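Undergrad: whatever this is, show me its structure:
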Amino acid sequence: MKSMTHKRTKASLRRIGACAVALWMTAAGAWGGGIVSPLYVGNLVPVLDQYGRPMAGSNRSAEAARRSRVEIRTIAHGPVQPPSADGTAHPDNPLVSTNSVGGIGMNTATDHSGLFCMVFPNRLPPGTKIFARAYNAPTVAEASFYADTAIGVAPGEGRTSLVLTFGTAQPLDSGDDDGDGLANSWEKALGTDDRLTSDYDGDGMGDQQEMIAGTDLKNADVRLAFRSIQQESSSAKSPGAASSPIRMCFQSVPGKSYQLQFADTLVGQQAFNNVGEVVTAKEGQTEIDLAVELSEAKASGVFRVVLVSP
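TA: You can find the predicted model right below:
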């Protein structure tokens, strides 16, 4: 009878997702013979990584080593304690057991869903306080961010599931060793933690600004900058316009939105005004090319591009 229970569980998990199977399983007594149903612990709302994406993981055994790590821990006393900067858990939050370590994608229907489900054949004592911790990498050593769930309480035998909900991903190391405005955890996630510098690629744009802009911190040729600015010939002048249009091209990141601005001078009080409408880079668009018209009274000045949507 035990093997039949496992067969039904596996089929349902692949059909409807993590832990949902536990919502329809009958209580232990209904199976007869005093058999105790296992406890299913998982989440129904995806856990998100530092970018706001569902954490990666697969239900395929061949991909098990690449799953984002998930741990089920208990509360010895007090609240949930954050891990140390290297990911080590606080002594007050030990693992439930040696079998309470898994990964995103376990017993779920789809890959990279941010969902997991662990099965505890030996049920936890009713009333045991537990929580799940997810890391954004397969191992604690590789991880840079983590997310904890709220505390859950192990139910009695009348219930077969415990659904946990994760909070926002947090940096393991919130320090800023190179003083560039990026937490050490971000440096690790972005691959710029091997040396202390505020401008990893030396392109004149700080690492924090590049991360916000969505450009490559490790490539000096990729940054938010103008490619060209030049005035077009008088033949391109539209009817009634005061001057020929100025055509410009600047680097962009697909999905990001930008506003072009202009100021008459950089001396003294600066007054940048919007020029044209907000433009959004389309899929695959790494440069934006546009033409604007200024009045003859503004024969010279300074353009800049402002990132509107981070």
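Undergrad: can you report how many residues lie near the nearest residue to Val101 once chain neighbours are set aside?
TA: Using C-beta to C-beta, 6 or more residues apart in numbering and skipping the chain neighbours, the partner closest in space to Val101 is Glu71 (5.3 Å). Just so you know, the C-beta spots here come from the backbone N, C-alpha and C atoms, and that holds for glycine as well. Residues lying near Glu71 (other C-beta atoms under 10 Å) number 22.
Undergrad: now the host helix or strand of Glu71: how far from the chain's centre is it?
TA: Counting by DSSP states H and E, the element that carries Glu71 is strand 69-74. For strand 69-74, the gap between its own C-alpha mean and the chain's C-alpha mean amounts to 19 Å (C-alpha atoms, centre = their mean, to the nearest Å).
Undergrad: pull it out as PDB, backbone CA atoms only.
TA: The C-alpha atoms that make up strand 69-74 are tabulated as PDB, following Å, rounded to 0.1, in the frame of the first residue of the first chain:
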ATOM      1  CA  ARG A  69      19.400  24.900  -3.100                       C
ATOM      2  CA  VAL A  70      16.500  24.700  -0.600                       C
ATOM      3  CA  GLU A  71      16.700  23.800   3.000                       C
ATOM      4  CA  ILE A  72      14.100  23.000   5.600                       C
ATOM      5  CA  ARG A  73      15.200  24.300   9.000                       C
ATOM      6  CA  THR A  74      13.700  24.400  12.400                       C
END
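Undergrad: what sits up against it?
TA: Among residues not part of strand 69-74, those counted as contacts by C-beta atoms under 8 Å, 6 or more residues apart in numbering are 41, 89, 93-96, 100-104, 106, 116, 118, 128-135, 137-140, 143.
Undergrad: out of those residues, which are buried?
TA: 41, 89, 93, 96, 100, 102-104, 106, 116, 118, 130-135, 137-138, 140, 143 (16 or more other C-beta atoms under 10 Å).
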